[in-house]
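In: Pasting the sequence and the predicted coordinates here, then a few questions.
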Amino acid sequence: MRYESSLQSSRWSLARVLRGCALTIALSSTLALPGCAIFGEEPDAFDRGLSHINQGEYPQAIEELRRFCQNNPEDDIAWYNLGVAYQSNDQLELAEDAYRSALQANKEHARSMVNLATIQDETGRYTQAGEWLRRAGRVETSRAYPLYSLGYHLQRQNMPEEADEAFRAALEREPDNALANYRYAFFLKQNVRYNESLAHYERAIKSSPDDLVALVEGGDVAFAIGAYSRSVALYERALAIKPSLVKPAVNLAESYLNLERPRKAAIWAWHALDHDAENLRATDVALRAYAALQAQDQARALAVQEKRYEMEREKSKAAAEE
């Protein structure tokens, strides 16, 4: 299960900034400029920790945030971010401890509940995971993330009716939430509800236009149900982001072939072969595309020839009448 990795800024940081500003003004003979950066102080351990997480430097983030939490044990947001750093570094037991510390400081910290549940899901404690997710949904009453996380948990537990209800409840809260729509689209695809699935993939992409996974999976669903104009649109956007994708390129070529556009089909089949020269399906689509092109050319040639004969007959008839 994907955990909530969103970072949170600490309210403690603002308090320290304000204290620093007051001290600067007291010691300086002139007023401080906005931002109070007169002495060029380094960011504190909390801010450095968040910076390390954003850069994927999890051990350094853990070191900074652990030190900060030791000095500020009641800061639930700092404990939560420490949990994110541990979880991103695959230190699940320590991440769980950090999330529990966040919940000791603030028993209604919903993001910690959700991430704690993801760890319990990964370690086979499914009942406890479900309880935390339901509790998070009751605590956080406006955001979608506790409910689509619950939906995914229930999906994995083979409880499709309950999962469907949770996903729909999440989307009632945030209809345009990209991840809620993506999770529901994936669930619908798994349950062979392809038309609904495609609609939610497209809603997810509308909110997150560069989501490569959603573009490819949405393209696959559109291709599977024969919605070739939609599969073309989704695959072309995916390949603009990552041109080396072979299967989407082949599916795109075949979509164009089914739309009776063999020239485009040939182009994308050769694009796939450029990245995988031994791809048999791409070779087959390319051959079919060229055969269709040849048939089109022959049809055009016959049409031109027939038009020419008709013009000659009309010309002969007019000459005879004179």
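Out: That came through fine. Numbering: from 1, shown residues only.
In: Now do the contacts for residue 120.
Out: Neighbour list for residue 120: 96, 126, 128, 129, 132 [criterion: Cβ atoms under 8 Å, 6 or more residues apart in numbering]. Every residue, glycine included, has its C-beta placed from N, CA and C.
In: Next step: those restricted to helices.
Out: Judged by DSSP state H, the subset of these located in helices is 96, 126, 128, 129, 132.
In: okay if I get the contacts of residue 120 as CSV plus pLDDT, neighbour count and distance to residue 192?
Out: Output for those, formatted as CSV (pLDDT from 0 to 100; neighbours: other Cβ atoms under 10 Å; distance: Cβ to Cβ, whole Å):
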residue, pLDDT, neighbour count, distance to residue 192
96, 97, 19, 36
126, 95, 15, 25
128, 96, 15, 31
129, 96, 26, 26
132, 97, 27, 30
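In: Just give me the neighbour total for residue 201.
Out: 30 (other Cβ atoms under 10 Å).
In: Could you report the neighbour count for residue 267?
Out: If you count neighbours by other Cβ under 10 Å, residue 267 ends up with 16.
In: thinking again about what came up before, among the contacts of residue 120, give me the pair with the biggest separation.
Out: By the measure Cβ to Cβ, 96 and 126 form the most distant pair in these, at 15.2 Å.
In: Closest to residue 183 out of the ones in helices among the contacts of residue 120?
Out: residue 129 (15.8 Å).
In: thought that closest one was touching residue 118?
Out: Yes. With contact defined as Cβ atoms under 8 Å, residue 129 and residue 118 form a contacting pair (7.4 Å).
In: related to what we said a few turns ago, pick out whichever of the contacts of residue 120 sits closest to residue 281.
Out: Using Cβ to Cβ, residue 126 is the member of the contacts of residue 120 that lies nearest residue 281, at 39.5 Å.
In: residues in contact with that closest one?
Out: Neighbour list for residue 126: 120, 153, 157 [criterion: Cβ under 8 Å, 6+ apart].
In: on that earlier part again, could the ones in helices among the contacts of residue 120 be laid out in a markdown table, adding distance to residue 244?
Out: Formatted as a markdown table, the ones in helices among the contacts of residue 120 follow (distance: Cβ to Cβ, whole Å):
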| residue | distance to residue 244 |
| --- | --- |
| 96 | 38 |
| 126 | 38 |
| 128 | 42 |
| 129 | 37 |
| 132 | 40 |
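In: List just the nearest of these to residue 237.
Out: Of all these, residue 129 has the smallest distance to residue 237: 35.0 Å, by Cβ to Cβ.
In: Report the contact partners of the closest one.
Out: Contacts here follow Cβ under 8 Å, 6+ apart; on that basis residue 129 touches 117, 118, 120, 121, 153.
In: For the last one, give me its contacts.
Out: Same thing as residue 153. Residues in contact with residue 153, defined by Cβ under 8 Å, 6+ apart, are 1, 117, 121, 126, 129, 130, 133.
In: Kindly write the PyMOL command that selects the buried subset of these.
Out: Applying 16 or more other Cβ atoms under 10 Å to the contacts of residue 153, the buried members can be selected in PyMOL as follows:
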select buried, resi 1+117+121+129+130+133
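In: Which one of the contacts of residue 153 is nearest to residue 227?
Out: Among these, residue 1 lies closest to residue 227 (Cβ to Cβ), at 29.7 Å.
In: what does stretch 81-92 contact?
Out: Residues from elsewhere that reach stretch 81-92, judged by Cβ under 8 Å, 6+ apart: 3, 5, 7-8, 46, 49-50, 52-53, 56, 58-59, 61-62, 65-66, 69, 94-96, 98-99, 102, 112, 115-116, 118-119, 122-123.
In: Select only the buried ones of those in ChimeraX?
Out: In ChimeraX syntax, the buried subset of these is picked out as below (16+ other Cβ under 10 Å):
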select :3,7,8,46,49,50,52,53,58,61,62,65,66,69,94,95,96,98,99,102,112,115,116,118,119
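In: how far away is the nearest residue to residue 228 once chain neighbours are set aside from residue 235?
Out: Spatially, and ignoring its direct neighbours in sequence, residue 228 is nearest to residue 255 (4.3 Å; Cβ to Cβ, 6 or more residues apart in numbering). Distance of residue 255 to residue 235, given as Cβ to Cβ, to the nearest Å: 7 Å.
In: Sort out which residues of stretch 275-289 are buried, please.
Out: Residues of stretch 275-289 classed as buried: 276, 279, 281, 282, 283, 285, 286, 288, 289 (neighbour count, 16+ other Cβ under 10 Å).
In: tell me the contacts of the last one?
Out: Shown in contact with residue 289 (Cβ under 8 Å, 6+ apart): 253, 256, 257, 262, 263, 265, 266, 269.
In: how about these in TSV, adding neighbour count, pLDDT and secondary structure?
Out: Shown next, in TSV, are the contacts of residue 289 (neighbours: other Cβ atoms under 10 Å; pLDDT from 0 to 100; DSSP: H, G, I helix; E, B strand; the rest coil):
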residue	neighbour count	pLDDT	secondary structure
253	31	97	helix
256	25	97	helix
257	21	96	helix
262	23	93	helix
263	12	93	helix
265	25	95	helix
266	21	94	helix
269	29	95	helix
